[in-house]
Every structure is written in C-alpha cells, then in structure tokens.
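> Have a look; sequence and predicted model below, questions after that.
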Protein chains: 2
Amino acid sequence: MIEKGEVKFIGRVLTANEISKIEVFPKFCDGLKGINDFSHLIILYWFHQRDNEKERQTLRVIPRRHFNAPEVGVFACRSPSRPNPIGLCVVQLIEVKNCILKVKGLDAWEDSPIIDIKPYLPRIDMVSEVKTPEWTKNEPKP
Amino acid sequence: MIEKGEVKFIGRVLTANEISKIEVFPKFCDGLKGINDFSHLIILYWFHQRDNEKERQTLRVIPRRHFNAPEVGVFACRSPSRPNPIGLCVVQLIEVKNCILKVKGLDAWEDSPIIDIKPYLPRIDMVSEVKTPEWTKNEPKP
C-alpha cells in the first residue's frame, strides 16, 4: 500500500498582516480564472517551520492559544504540530491582480508555502449547528 | 527555494456511503483524543485516482457537477483535478470507536487516503455572508 504523497508548492505568503498577500507562482496562475466571483476562499498552506520529524510525530498537545485547554489529540485541535503540517484558513478575498491575492484573515506566517486554494461554498462548508468543547470558547481574537 | 513537501497518509476511507467510515492507522490513533467533543470535522483526503501528472497539470476545468458551469480555474472550483490532489469535506461526526470514525457527508471514494482531520470551529470556519457565482447554485445534491 502506498503510504505517502507529494505536494507541490503553488505559491507563498508574500506579506502577513490583517490583510495578507499571497503570490501564486506563474506556472499555476491560470488556475485562478473566475476566482474573483467568490467573496471567500479556503487557503491550505504548509507550516514550513514545523516540517521536521519531531513536530510531525507530535500527536498530543495543549492548545496554547486557548486559556485552560486540556491536553488533546492533534486531530482535535488546530495545532501546527501534526503528522502533516497543513494549515487551513477561511479568508475573505479582497482583490486579485497579477497572480497576487489580497486576503483578510489569513493566519499564516510570511513565506509559508501555499498548497491549495478552494472557493468557500456555503452549501457544503457552512454548518450552523455545531458543538465544540468549552476550551475552544476561551479563544484568542481572530 | 524548496518547492515540494511530503504528506503521510494517516488513515483511509473504509466505506463510503451516506454514512462513511474512516480508519485512522494505529500509529496516529493517539491524535484522536478529545475528538468526540466536536460535532463536525474537516477531513482532508487524497484524490488518489487523480494523483498523476496529467490531472495534476490541469489548471482549467468545466465543473461537471454543475449545470451550465463555465470554464474556470481549478482554484475557483472544487475539481479533483488540481496541482495537489487534496479533497476537503466538512462532515458530521457520528461516532468514534477503536480508531474508526463514523461520519456523515464525506464525499470521498472508498480507499481514499486521509491526510488530516481538523475540528470544525464556527468562529473561524463559518462565514454567513458569502458571495458565489451563479453556476455554483445549479448544484448537485450534497
């Protein structure tokens, strides 16, 4: 059985702030056609600073951004230390120009590689009746 | 500059139906601690049948599930043909038992490798005022 796959980096975070800029590399730029029609996107990025064996073997953490969080599995929190260092952020798309996306709400560091961009589709991505444990409510500002 | 990364498969889809079963491999099972406290999860999986050069070089598609869709970039739709064959599904968690997750709403084929599991957090994952183009509304049943 195959046990692994390869991801190509399709872009990177140019600047990270309240408004961030994402550069999509020229060879992938054609894939952006029509993206302007969406107000929100799902960005998948690579926690490049956690891409080492120690961080990737981490299976339990105490989510440090949340006050009073218990120790939980990495699949029960959004820790950047996890078997695959993939981050996921829903962002608002502000502008697209010359293969550069200006977005709001990206929680990634400068230079993080981008591995995928998907449009946010309310029908499948929005769930309103959701249960989460108490510790997730002791939350940092977005 | 580094141009690629490696993903390890942490599990696989055992059965795919209205209710699907996901097996998390024993060595990653510890990462599930506390997952039962969440009602919804984000599943990242691998479109293993599209993991070839032809599909991964595809940058434009006509979304075939949507009536009257125009040609768009792969980053402006949820096509399984894309540079990184990563699928994303928000699912309802029904049960966890012996490292097997029973979930509702997983749009993946049997045997698809799983690459990550994240809890759905309404504060960051739920957006209510969203704009999407008309063609996304000619939608198939979930």
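In hand now; what should we look at?

> close enough to count as contact, A:Asp126 and B:Glu129?
No, residue A:126 isn't Asp; it's Met. No. With contact defined as C-beta atoms under 8 Å, A:Met126 does not reach B:Glu129; the gap is 10.4 Å. Where C-beta positions appear, they are placed from N, C-alpha and C, glycine not excepted.

> and A:Tyr120, how far is that from B:Glu110?
Separation of A:Tyr120 from B:Glu110 (C-beta to C-beta, to the nearest Å): 27 Å.

> more crowded one of these two?
Under the criterion of other C-beta atoms under 10 Å in any protein chain shown, the comparison of A:Tyr120 against B:Glu110 puts A:Tyr120 first, with 21 against 12.

> So what are the sheet partners of the strand ranked longest in chain A and their directions?
Determined from DSSP state E, the single longest strand within chain A is strand A:86-97. With DSSP bridges as the test, strand A:86-97 is paired with strand A:40-46 (antiparallel), strand A:100-104 (antiparallel).

> how far out from the middle of the chain is that strand?
Centre-to-centre, strand A:86-97 and its host chain are 9 Å apart (C-alpha atoms, centre = their mean, to the nearest Å).

> For A:Glu18, give me its contacts.
A:Lys104 (C-beta atoms under 8 Å, 6 or more residues apart in numbering or on different chains).

> One more pass at 10 Å, please.
A:104-106 (C-beta atoms under 10 Å, 6 or more residues apart in numbering or on different chains).

> Same check on A:Val127?
Counted by C-beta under 10 Å, 6+ apart, A:Val127 has contacts B:39-40, B:90-92, B:105, B:120, B:122, B:125-126.

> Now for those: which two are most distant?
Spatial extent of those (C-beta to C-beta) is set by the pair B:Gly105 and B:Pro122 at 16.3 Å.

> mind showing which ranges of chain A have poor pLDDT?
A:1, A:140-142 (pLDDT under 70).
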